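Q: build the 3D model from these lines:
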Amino acid sequence: MDVTQLAAVDTARAARVLDELRSAALSGQRMPVTPRPVIGQSWARMLRSGVDPDHDFRSGLLSHEEVQRRRQSSTLRHVLPVLREGLLSVADVARHIMVVADEEGRVLWREGSAPVLRKADGLGFQIGADWREDVVGTNGVGTPAVTGRPVQVFASEHFVRSQATWTCAGAPITDPRDGRLIGVVDVSGPLETMHPATLAWVDSVAKLAEARLRETHARSLERLRAVAAPLLARTGGRALVVDRHGWTAAVTGMPYTERLALPKSVSAGMRWLPALGRCSLEPLAGGWLVRAADEPVTRAGARIVLDLREPRRRSVEVSDGSGSWIRELSPRHAELLYLLAVHRAGRSAAALAGDIFGDPARTVTVRAEMSRVRRYLGPLLDHRPYRFTESAEVQTLLPDQPHSLFPHPRDRLTPARGH
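A: Just a heads-up that it's a prediction; the model follows:
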């Protein structure tokens with residue numbers, strides 16, 4: 001059933017159908033129609049996690065001081081003008097509100113129609129509120145954060161009954177430097193304000209925000225490059241200048257690489273880096289001067305720990321006789337490395353595409369992501385098929401409920417916890 005098209009024609013009827021569907025799903029009865037996959041998968045997660053469908057739960061609001069602190073530290077503040085320009089002029093007229101939440105689902109900004117803002121207060125949809133999916137159920141903030149893609153939630157597609165008088169459309173915003181989720185922008189309003197084009201509109205504005213972040217990053221690299229060029233001209237041997245996230249501004253004595261994998265916590269001094277081996281790191285305004293030592297890079301007998309226990313803090317740690325380093329992973333990279341840990345014999349691009357997307361034809365996306373993974377795990381990965389090298393010892397740390405590890409569960413093997 002195309003609920004968005006039905007709702008555009010007859011909002012009341014669509015709401016009734018969805019209410020019957022939700023009631024059947026919660027009682028275990030035969031459903032009159034099948035929910036949309038993104039909604040059905042979210043409901044399944046809610047049932048497993050124990051969210052109460054009939055009574056909303058509200059965690060404590062963040063203090064005013066904490067909200068201000070998060071606003072100042074969030075990359076989202078740089079794209080607020082883009083979001084406001086793209087959404088607010090229409091949202092106010094259409095009786096919508098715009099909500100911007102951080103990567104933890106905390107509402108940091110909320111603007112739009114005054115009457116709708118007052119109604120949102122009654123739902124606990126307030127500044128500082130926690131709208132993660134596993135706290136308040138299927139919704140236009142928490143569900144896009146989990147799935148990593150735009151989601152529209154209409155009427156009783158919301159898992160918690162008190163939200164069934166609302167329609168929401170949210171899209172994730174990611175940092176183009178590393179693909180990591182930095183927040184979600186959502187447009188919400190009463191049922192009668194629902195429009196099938198709202199999701200595409202919100203997603204387009206979210207993509208404009210990401211484009212602005214890419215432009216800002218490119219300008220910062222240009223400024224760093226101006227500092228780096230004369231510095232590297234006086235430097236002998238292999239060296240490069242990178243920004244604080246490892247993106248290369250300039251290089252000398254070695255092939256250009258777009259990005260250098262840096263440790264999670266970077267400090268000056270001698271460090272071991274996966275791409276270069278032992279290096280000296282010297283701080284610069286806005287980045288680092290990295291000088292490579294002459295000793296060769298060897299990775300025999302490396303130990304890899306893939307830590308998937310915390311959904312928002314997944315990481316890979318690599319150690320061997322010459323040192324160790326740790327890197328936080330984006331959701332997609334965590335999923336790819338998990339699959340390679342399960343299938344030590346290797347997976348083709350088509351097999352990985354089938355595992356992740358349910359579509360073996362999406363090999364271009366998989367190859368692009370694996371190319372990014374190889375930037376920091378290159379010596380430890382083989383390809384054709386993609387796999388960890390035979391000499392690498394791989395340990396996977398799983399959460400207590402591994403069946404909810406990723407938002408799109410497939411028929412995958414599950415390694416024993418801690419192996």
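Q: which helix is the longest one in the protein?
A: The residue-count maximum for a helix in the chain (DSSP state H) belongs to helix 198-233.
Q: pretty sure D134 sits in a helix.
A: Yes. When classified by DSSP: H, G, I helix; E, B strand; the rest coil, D134 is found to be part of a helix.
Q: thought it was touching L47?
A: No. The pair formed by D134 and L47 falls short of the contact definition of Cβ atoms under 8 Å, at 11.5 Å. No exception for glycine: its C-beta is placed from N, CA and C like everyone else's.
Q: in terms of neighbours, single out the busier of the two.
A: Between D134 and L47, D134 has the larger neighbour count (other Cβ atoms under 10 Å), namely 17 against 13.
Q: ok, and the closest non-adjacent residue to that one?
A: The shortest distance from D134 to any non-neighbouring residue, by Cβ to Cβ, 6 or more residues apart in numbering, is to S49 (4.9 Å).
Q: so the one you found is in contact with V136, correct?
A: No. Under the criterion of Cβ under 8 Å, S49 lies out of contact with V136, with a separation of 11.4 Å.
Q: who has more neighbours out of those two?
A: Here S49 and V136 are set side by side on neighbour count (other Cβ under 10 Å), and the busier one is V136, at 27 against 13.
Q: residue contacts, that one?
A: Under the criterion of Cβ atoms under 8 Å, 6 or more residues apart in numbering, the contact partners of V136 comprise 51, 56-58, 124, 130, 142, 160, 163.
Q: 10 Å instead?
A: Residues near V136 by Cβ atoms under 10 Å, 6 or more residues apart in numbering: 46, 51, 56-59, 105, 123-125, 129-130, 142, 158-160, 162-163.
Q: so where is the stretch 201-350 of the chain shaky, pLDDT-wise?
A: Under the criterion of pLDDT under 70, the regions of the stretch 201-350 of the chain flagged as low confidence span 294-301, 320-323.
Q: would you map the helices across it?
A: Listed in chain order, the helices of the stretch 201-350 of the chain (DSSP state H, counting those that start in this stretch) span residues 331-342, 349-357.
Q: how far away is the residue nearest to D134 from D186?
A: Distance check for S49 against D186: by Cβ to Cβ, to the nearest Å, it reads 21 Å.
Q: which residues in the stretch 251-400 of the chain form strands?
A: Assigned by DSSP state E, counting those that start in this stretch, the stretch 251-400 of the chain shows strands spanning 269-273, 277-284, 287-292, 303-307, 315-320, 323-328, 381-382, 387-388, 393-397.
Q: each with direction, which strands does the fifth one pair with?
A: With DSSP bridges as the test, strand 315-320 is paired with strand 303-307 (antiparallel), strand 323-328 (antiparallel).
Q: rewinding a little: deepest of the strands of the stretch 251-400 of the chain, which one?
A: Mean neighbours per residue, mean count of other Cβ atoms under 10 Å, is largest over the strands of the stretch 251-400 of the chain for strand 287-292, with a mean of 22.
Q: put the alpha carbons of that strand into PDB.
A: What follows is strand 287-292, C-alpha atoms only, in PDB (Å, rounded to 0.1, in the frame of the first residue of the first chain):
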ATOM      1  CA  GLY A 287      46.300  20.500  10.900                       C
ATOM      2  CA  TRP A 288      49.500  18.400  11.200                       C
ATOM      3  CA  LEU A 289      52.900  18.100   9.500                       C
ATOM      4  CA  VAL A 290      53.600  14.400   9.100                       C
ATOM      5  CA  ARG A 291      57.100  13.200   8.400                       C
ATOM      6  CA  ALA A 292      57.500   9.500   7.600                       C
END
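Q: out of the contacts of V136, which end up buried?
A: By neighbour count, with 16 or more other Cβ atoms under 10 Å, those hold 46, 51, 56, 105, 123-125, 129-130, 142, 158-160, 162-163 as buried.
Q: among those residues, which one sits closest to V266?
A: Closest approach to V266 among the buried ones among the contacts of V136 (Cβ to Cβ): G105, at 28.3 Å.
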